[in-house]
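Colleague: how would this look folded up:
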Amino acid sequence: MPNPGAFHGVRLAVLKSFLDEWRQVVEDGNELEFLSKVIHVFHALFPETLAPDAELDEEVIMARLASLNVEDLEDPIFMPPVQQHGQSNTEYEAAKVEYEELKKQYVFRADQISRWFNYRHPSRPTHETRKEPDTLDRLLGKLSGAPSNPCCRKSAFTVWAQAHPEIVQPLIDQRVLELEAQVAAQEKKQGLTTTELLSNVAGKAVESGTSNMLSRYSVQD
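Modeller: From the prediction side, this is the model:
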């Protein structure tokens, strides 16, 4: 069964068919209107009552997509059920559960679609345009608390570090010793306590946005 948080097969093909329009929409500043349209189209092609693992013919779906009049699509209205005359309480409670589930699925899928397109925002850095720092620099920077920039795949360096403790741990220990030696040297030179010295260093880092001691260990979260 496909991961309900991802898109596969014909569902993915439908979203990809909107990518060129998405790039143009971003330039024009009409992202919300565009996303609303795509969500309505997706709901019309793949209603919430359809099983997520249902196999659909791509040619049939793409033909339906081409024939859809977006202007005629209405918001899916999930109204709470009203207990009908002669309907038992058990049947009514089952109808309410079904209503809540359909509404939940629609909201979940709408959020997934929005994030799918935002992840492919034209202004988002790509592997070609983004200068990737060395994995070790990113890890040491995170440990040192250096300021960082957003990264598309924030867990990559963490996974790598966990898989290579024999490489990472000695380097961490070495860096800790270096920092302790620097603090001790400055403490001796300036006559400050360790707490006072660390407070001064932290204050300067916040004020300037960087520090000479940590600048080469920048990291992307």
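Colleague: Quick one: neighbours of residue 7, just the number.
Modeller: 20 (other CB atoms under 10 Å). For every residue, glycine as well, the C-beta is placed using N, CA and C.
Colleague: That one touches residue 116, doesn't it?
Modeller: Yes. Counting by CB atoms under 8 Å, residue 116 is a contact partner of residue 7 at 6.7 Å.
Colleague: Common neighbours of the two, please.
Modeller: Common contacts of residue 7 and residue 116 (CB atoms under 8 Å, 6 or more residues apart in numbering): residue 15.
Colleague: Mind listing what's buried along the helix or strand containing residue 38?
Modeller: With elements taken from DSSP states H and E, the one containing residue 38 is helix 31-45. Buried residues in helix 31-45, defined by neighbour count with 16 or more other CB atoms under 10 Å: 34-35, 37-45.
Colleague: of all the residues you listed, which comes closest to residue 21?
Modeller: Nearest to residue 21, judged by CB to CB, of the buried residues of helix 31-45 is residue 34 at 7.0 Å.
Colleague: That closest one contacts residue 21, doesn't it?
Modeller: Yes. If you go by CB under 8 Å, residue 34 and residue 21 touch, sitting 7.0 Å apart.
Colleague: Quick check: mean pLDDT of stretch 82-91?
Modeller: Averaged over stretch 82-91, pLDDT sits at 78.
Colleague: So what touches that stretch?
Modeller: In contact with stretch 82-91 (CB under 8 Å, 6+ apart) are residues 92, 95.
Colleague: for the buried residues of helix 31-45, which one is nearest residue 102?
Modeller: residue 43 (10.6 Å).
Colleague: what's near enough to touch the closest residue to residue 31 other than its chain neighbours?
Modeller: Nearest residue to residue 31, sequence neighbours excluded (CB to CB, 6 or more residues apart in numbering): residue 25, at 6.0 Å. For residue 25, the contact set (CB under 8 Å, 6+ apart) comprises 31, 33-34.
Colleague: Can you give the domain ranges for the protein?
Modeller: 9-119, 135-220 (automatic domain parsing).
Colleague: can you point me to the longest helix in this structure?
Modeller: helix 89-119 (DSSP state H).
Colleague: buried set for it?
Modeller: Within helix 89-119, the residues that count as buried by 16+ other CB under 10 Å are 95, 105-106, 109-110, 112-114, 116-117.
Colleague: Could I get the contacting residues of residue 36?
Modeller: Neighbouring residues of residue 36 by CB under 8 Å, 6+ apart: there are none.
Colleague: one more time with 10 Å, if that's ok
Modeller: 30, 73, 75, 110, 114 (CB atoms under 10 Å, 6 or more residues apart in numbering).
Colleague: can you check residue 55 too?
Modeller: 9-10 are the contacts of residue 55 under CB under 10 Å, 6+ apart.
Colleague: Same check on residue 22?
Modeller: Residue 22 neighbours (CB under 10 Å, 6+ apart): 15-16, 31, 34-35, 38, 116-118, 120-122.
Colleague: Surely it is within a helix?
Modeller: Yes. Per DSSP: H, G, I helix; E, B strand; the rest coil, residue 22 lies within a helix segment.
Colleague: Which residue ranges of the chain form strands?
Modeller: 148-149, 219-220 (DSSP state E).
Colleague: lowest-confidence stretch among those?
Modeller: Lowest mean pLDDT within the strands of the chain: strand 219-220, at a mean of 44.
Colleague: Report pLDDT for the closest residue to residue 168 other than its chain neighbours.
Modeller: Take residue 168 and drop its neighbours on the chain: the residue closest to it by CB to CB, 6+ apart is residue 161, 4.8 Å away. You'll see residue 161 listed with a pLDDT of 72.
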